[in-house]
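Undergrad: Next input, structure requested:
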Amino acid sequence: MGTPWTNWARTASACPHRVEHPASADELSAVVAGASAIRPRGSGHSFTGIAVAPGAALDLDRWTGVTEVSGELVTVRAGTTIRQLNAQLDVLGLAMPNLGDIDAQTIAGATATGTHGTGARHGGLATRIAAMEVVLADGEVVRCSPTERPDLYDAARVGLGALGVVSTLTLRCVPAFVLHARESPARLDAVLEEFDHLTAVEDHVEFHWFPHGDHVILKRNNRVDEPPAPLSALRRFYEYEVLENGAFGLVCRIARTVPATTRGLNRLCGRLVSERVYRDVSHHVFVTPRRVRFVESEYAVPRAELHGVLRELRSAVAKLDHGVVVPVEVRVAQADDIWLSTAHGQDTAYIAVHQYLGMPYRRYFDAFERIATAVGGRPHWGKLHTRTADTLAPAYPRFADFRALRARLDPTGKFGNAHLDRVLG
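TA: Numbering: from 1, shown residues only. Sure thing, here's the model as predicted:
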């Protein structure tokens with residue numbers, strides 16, 4: 001009997017036969033070569049069953065840290081969390097140019113599932129990968145880059161853990177920088193009217209819409225050549241721990257206990273948004289603590305479709321037989337050429353819908369999925385959706401190429417599980 005495992009959102013669980021914790025490259029290769037079925041499980045921050053291990057589970061918590069620095073190229077072991085990476089880059093005077101708002105994921109897990117931040121001139125985290133080392137099914141360690149096994153490089157940067165186990169990643173970083181952060185209340189229609197302009201002139205823009213009204217939190221982060229002027233420790237504790245986690249967590253628990261209050265509580269939260277302006281080192285701005293647990297679905301849609309999707313989503317929310325307490329998040333990203341990237345070949349808007357853990361969400365997520373799918377939307381690989389290989393294939397020009405490469409590299413399905421069977425076939 002193995003050790004029971006559950007992901008962060010409690011939407012997936014497993015009881016693997018054993019859990020491997022390799023601490024060296026040789027151990028990692030030997031573990032992979034010796035297993036008949038094995039899955040890397042990262043930090044468990046995917047909402048799907050992508051990390052479920054039907055055989056052996058691979059935990060890279062002993063395979064961490066930066067191993068090499070060459071100018072702005074930094075090689076890091078796959079089990080390093082984004083939080084650890086940010087701290088080590090900070091010491092080196094470097095930074096990732098863009099991040100999401102959670103830093104608990106391993107860098108390999110985050111890139112493998114297409115994790116991204118926001119910014120019209122920025123791609124997802126995987127676009128910063130300059131080279132990778134991957135352990136194949138027979139234990140061989142291969143290096144891939146734009147000039148070395150380029151097909152593997154183009155596929156494995158967002159590889160879903162389906163092609164092999166990523167051992168190291170070489171990342172193109174940038175000199176450390178300061179962001180001027182402005183978070184302010186706004187109205188949905190006004191933000192949408194100027195959204196194309198905002199994303200053109202601001203470095204990083206996103207907004208959070210409270211879907212039972214028209215209130216939003218508008219976030220604009222821009223690089224500045226000024227010293228940090230962060231929130232005081234007391235203010236930061238009050239804003240993030242007391243309000244965003246403590247008070248909002250209480251609101252969510254009330255909504256779950258008394259569902260009739262949900263719509264009103266969502267509108268109330270939207271009306272209580274206040275302004276927040278400060279400057280800080282980049283990763284302290286990008287990342288915020290998330291202690292309120294939720295379930296999430298996110299779709300990437302062509303930028304031109306954003307307004308229509310939100311218009312239809314607004315109508316769908318009004319027809320739900322239950323309320324939604326957690327805001328909708330909207331971000332953007334630049335097109336890229338990674339085979340299974342949700343931004344492959346198109347500038348993209350990301351729309352993420354959420355619901356507090358334990359509250360009804362299926363009808364909400366299904367309605368959102370129908371709307372996004374109708375405009376060619378692609379689901380985030382680490383977030384809840386019902387798509388299958390048959391419906392995903394038309395959305396990705398290189399889908400067949402990815403499947404063919406997978407068949408060559410893993411003919412026995414060593415790295416597979418039920419979730420990958422559904423989304424890849």
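Undergrad: Tell me how many other residues crowd the residue nearest to Ser46 when sequence neighbours are not counted.
TA: Distances taken as Cβ to Cβ, 6 or more residues apart in numbering place Gly382 nearest to Ser46, at 3.6 Å, with adjacent residues excluded. Every C-beta, even on glycine, is put in place using the N, C-alpha and C of the backbone. Using other Cβ atoms under 10 Å, Gly382 has 23 neighbouring residues.
Undergrad: check contacts around Gly382.
TA: The contact partners of Gly382, taken as Cβ atoms under 8 Å, 6 or more residues apart in numbering, are 45-48, 50, 109, 113-115.
Undergrad: What ranges does the stretch 201-350 of the chain have for its helices?
TA: Taking DSSP state H, counting those that start in this stretch as the criterion, the stretch 201-350 of the chain contains helices spanning 233-236, 248-257, 262-271, 282-286, 306-319.
Undergrad: Show me the residue at the heart of the protein, geometrically.
TA: The centroid of the chain falls nearest to Thr115 when counting by Cα atoms, centre = their mean (3.2 Å).
Undergrad: Do a quick rundown of the strands in the stretch 301-425 of the chain.
TA: Along the stretch 301-425 of the chain, the segments classed as strands by DSSP state E, counting those that start in this stretch run 328-333, 348-356, 378-379.
Undergrad: just so I know, which of those strands lies nearest Gly34?
TA: Minimum separation from Gly34 across the strands of the stretch 301-425 of the chain (Cβ to Cβ) falls at strand 378-379, 33.9 Å.
Undergrad: quick check: mean pLDDT across that closest one?
TA: On average, the pLDDT along strand 378-379 is 98.
Undergrad: same deal with stretch 67-75?
TA: On average, the pLDDT along stretch 67-75 is 98.
Undergrad: Now that stretch: buried residues?
TA: Under the neighbour-count criterion of 16 or more other Cβ atoms under 10 Å, stretch 67-75 has 74-75 buried.
Undergrad: Val205 reaches Val332, doesn't it?
TA: Yes: between Val205 and Val332 there is a contact under Cβ atoms under 8 Å: 7.0 Å.
Undergrad: Any chance you could list residues touching both of those two?
TA: Common neighbours of Val205 and Val332 (Cβ under 8 Å, 6+ apart) are 118-120, 199.
Undergrad: ok, those vs Val141, which is closest?
TA: Gly119 (33.4 Å).
Undergrad: The closest one touches Ala343, doesn't it?
TA: No: assessed by Cβ under 8 Å, Gly119 is found out of contact with Ala343, at 11.6 Å.
Undergrad: ok, the two, which is more surrounded?
TA: Counted by other Cβ under 10 Å, Gly119 and Ala343 do not tie: Ala343 has more neighbours, with 26 against 20.
Undergrad: which one among the contacts of Gly382 gets closest to Asp225?
TA: For the contacts of Gly382, the minimum distance to Asp225 (Cβ to Cβ) is 28.4 Å, reached by Thr115.
Undergrad: quick one on the thing from earlier: output the strands of the stretch 301-425 of the chain as JSON lines; include the columns mean neighbour count and distance to Gly425.
TA: Below are the strands of the stretch 301-425 of the chain laid out as JSON lines (neighbours: other Cβ atoms under 10 Å; distance: least, Cβ to Cβ, whole Å):
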{"stretch": "strand 328-333", "mean neighbour count": "24", "distance to Gly425": "26"}
{"stretch": "strand 348-356", "mean neighbour count": "24", "distance to Gly425": "24"}
{"stretch": "strand 378-379", "mean neighbour count": "25", "distance to Gly425": "16"}
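Undergrad: any residues in contact with both of Gly119 and Ala343?
TA: 333-334.
Undergrad: Quick one: residues contacting Leu340.
TA: 114, 155, 158-160, 381, 396, 398-399, 402.
Undergrad: so which of the strands of the stretch 301-425 of the chain gets nearest Asp90?
TA: strand 328-333 (23.8 Å).
Undergrad: Return the alpha-carbon coordinates of that closest one using CSV.
TA: Output in CSV follows, covering the C-alpha atoms of strand 328-333 (Å, rounded to 0.1, in the frame of the first residue of the first chain):
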residue,chain,number,x,y,z
VAL,A,328,-13.2,36.0,-12.7
GLU,A,329,-9.6,36.7,-13.7
VAL,A,330,-8.6,38.1,-17.1
ARG,A,331,-5.0,38.2,-18.4
VAL,A,332,-3.2,38.3,-21.7
ALA,A,333,-0.1,36.8,-23.4
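Undergrad: Touching that strand from outside, list them.
TA: Under the criterion Cβ under 8 Å, 6+ apart, residues 116-120, 122-124, 199, 205-209, 211, 298, 300, 303, 306, 310, 313, 343, 347-354 lie in contact with strand 328-333.
Undergrad: Show the average pLDDT along stretch 104-121.
TA: In this model, stretch 104-121 has an average pLDDT of 98.
Undergrad: Give me the subset of the contacts of Gly382 lying in helices.
TA: Judged by DSSP state H, helices contain the following of these: Gly109.
Undergrad: Among the contacts of Gly382, name the ones in strands.
TA: Among those, no member is found in strands (DSSP state E).
Undergrad: Out of the contacts of Gly382, which is nearest to Arg363?
TA: Phe47 (17.2 Å).
Undergrad: what about the closest one, neighbour count?
TA: Phe47 has 24 nearby residues by other Cβ under 10 Å.
Undergrad: From Ala9, how far off is it?
TA: 5 Å (Cβ to Cβ, to the nearest Å).
Undergrad: What is the neighbour count of the closest residue to Glu369 other than its chain neighbours?
TA: Among residues not flanking Glu369 along the chain, His385 sits closest, at 6.0 Å (Cβ to Cβ, 6+ apart). When neighbours are defined as other Cβ under 10 Å, His385 has 24 of them.
Undergrad: I appreciate the help and will end here.
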